[in-house]
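[1] After the sequence you'll find the predicted model.
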Amino acid sequence: MKIPTPADEQRHSLLEIDQYIERLFVPRDFVFLQALRDAAEAGLPKINVSANEGKLLYLLARIAGARRVLEIGLLGGYSTMWLAQAIGPQGHLVTLEVDEKCIRIARKNLERAGLMSRVEIRHGDAQILLKRMVDGEEQPFDLVFIDADKPSYPVYLDYAVRLTHPGSLILADNVIRDGKVTQIAENDKLVQGIQEFNKKLAVHPKLEAIVVTVTREGIDGLAITRVKD
Ligand code: SAH
Ligand code: DHB
Ligand code: MG
């Protein structure tokens, strides 16, 4: 039997704390659980936001009174469901996804949740779709959630600024990566992308921001940003 190291014990308690919060604050909802089950069965990676982070996204959107939301990175539509629920029936959520299999599964999940009527899925590489949105003078969004490929995060931030208005929120998932961002990442393109994103975010003249840690098995982070007036 492997003797648990202090690191193992800490991970264990992080998970227990996360589950404790979830038991109290995130009531079990059939369509949300079924969405995760179907995504897993279809072989999608389990890289969706946690239930607690989903509730946090929902609350931030509610507090901001967001009606128009842009999501970059749909996967099986789990975070999409939280955000779509927050914007109400009059809201509109545009989500960008490159993988057709993800889109198929997400559409089923959103339909089952009765949320598809307020969601618009756009298929393609996010950078191309975002450029098209800027060129086409897309109506600005009240909230942007960045959660696709990590090396593109700095570029996504530029587009998010161009597609929002003063007072909008820009959120980004996975900005701590178990603390790897605190180290010099020699070859890890993912970590390097996030490090560059965090630096850019911290000094951006049009933005005020902070990173909060989110935990599950490990520690990750959510960047919370307000576009200045
Ligand atoms: N927001 C989801 C998780 C997204 S995982 C949730 O929490 O439930 C990241 C997603 O981004 C994957 O589905 C992946 O296919 C998509 N993706 C990766 N690179 C992309 C790109 N260049 N353009 C659009 N989507 C991309
Ligand atoms: C990865 C992507 C995510 O959006 C996430 O929440 C966790 C992991 C990844 O690409 O490894
Ligand atoms: Mg993520």
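    Received, thanks. Ligands and ions are numbered 1, 2, ... in the order given.
[2] For the residue nearest to residue 65 when sequence neighbours are not counted, identify the helix or strand it belongs to.
    Closest residue to residue 65 apart from its sequence neighbours, by C-beta to C-beta, 6 or more residues apart in numbering: residue 142 at 7.3 Å. For glycine as for every other residue, the C-beta is placed from the backbone atoms N, C-alpha and C. Per DSSP states H and E: residue 142 is located in strand 141-146.
[3] how about the helix or strand following that strand against ligand 2, any contact?
    Going down the chain from strand 141-146, the next helix or strand is helix 153-162, by DSSP H and E. No. Using C-beta under 6 Å from any ligand atom, helix 153-162 stays clear of ligand 2, coming no nearer than 10.5 Å.
[4] Now do helix 153-162, average pLDDT.
    Averaged across helix 153-162, pLDDT comes to 98.
[5] again, but for stretch 139-146
    So the average pLDDT for stretch 139-146 ends up being 99.
[6] And it, how far out from the chain middle?
    Relative to the centre of its chain, stretch 139-146 is centred 12 Å away, using C-alpha atoms, centre = their mean, to the nearest Å.
[7] Give the buried residues for it.
    Neighbour-count burial for stretch 139-146, counted by 16 or more other C-beta atoms under 10 Å, picks out 141, 142, 143, 144, 145, 146.
[8] residue contacts, the last one?
    By C-beta atoms under 8 Å, 6 or more residues apart in numbering, the contact list for residue 146 reads 72, 73, 153, 156, 157, 160, 170, 171, 172, 173.
[9] Same question for the closest residue to it other than its chain neighbours, what's its three-state structure.
    The shortest distance from residue 146 to any non-neighbouring residue, by C-beta to C-beta, 6+ apart, is to residue 172 (4.1 Å). Using DSSP: H, G, I helix; E, B strand; the rest coil, the secondary structure recorded for residue 172 is strand.
[10] Tell me which helix or strand in the protein has the weakest average pLDDT.
    Every helix and strand in the chain was compared by mean pLDDT, DSSP states H and E; the lowest is helix 6-25, with a mean of 88.
[11] Quick one: list the elements packing against that one.
    helix 51-64, strand 207-215 (3 or more C-beta pairs under 8 Å, 6 or more residues apart in numbering; DSSP states H and E).
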